[in-house]
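Undergrad: mind looking at a prediction? Sequence and model below.
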Amino acid sequence: MPPRWPRQPDRNDPDYRKLDDRMNFAMHVAIFAPINSGLWFFHNFKAATWEWLPWLTVGWLVVLLAHLIYISAIADYSQTPPKST
């Protein structure tokens, strides 16, 4: 069940942005796990010679790591001041 938000969700809200970025990361991991696991299962099951599979796995893991570093260390979730007119 999704988390309850006490107010109308808005990307200008830093708490909502932080939660949204973390849920996007969780979806990224949730998509990576079964696809990568299934590919490796069939690779071993059929004794296939898929030279591209380790590269795909490592590449996707690098993207996941970069995503994690961004949401945990780089992203700025401070309140953005309203733009003056």
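TA: In hand now; what should we look at?
Undergrad: from the centroid of this structure, which residue is nearest?
TA: The chain has Phe25 as the residue nearest its centroid, 2.3 Å off, counting by C-alpha atoms, centre = their mean.
Undergrad: show me what counts as buried in whichever strand or helix holds that residue.
TA: Using DSSP states H and E, Phe25 sits in helix 14-45. Neighbour-count burial for helix 14-45, counted by 16 or more other C-beta atoms under 10 Å, picks out Tyr16, Arg17, Leu19, Asp21, Phe25, Leu39. All C-beta atoms are positioned from the backbone trio N, CA, C, and that covers glycine.
Undergrad: from the residues you listed, which has minimum pLDDT?
TA: Of all those, Tyr16 carries the smallest pLDDT score, 82.
Undergrad: was I right to think that residue contacts Arg22?
TA: No - using C-beta atoms under 8 Å, Tyr16 is not in contact with Arg22, being 10.8 Å away.
Undergrad: which strands and helices lie in contact with the worst-scoring helix or strand of the chain on mean pLDDT?
TA: Using mean pLDDT, DSSP states H and E, the weakest-scoring helix or strand in the chain turns out to be helix 14-45, at a mean of 92. Here helix 14-45 touches helix 52-69, going by 3 or more C-beta pairs under 8 Å, 6 or more residues apart in numbering; DSSP states H and E.
Undergrad: now the helix it packs on: mean pLDDT?
TA: 95.
Undergrad: re the thing from before, gap between the helix holding Phe25 and the chain center?
TA: How far helix 14-45 lies from its chain's middle: 6 Å, per C-alpha atoms, centre = their mean, to the nearest Å.
Undergrad: next one: stretch 33-53
TA: On C-alpha atoms, centre = their mean, the centre of stretch 33-53 falls 22 Å from the chain's centre.
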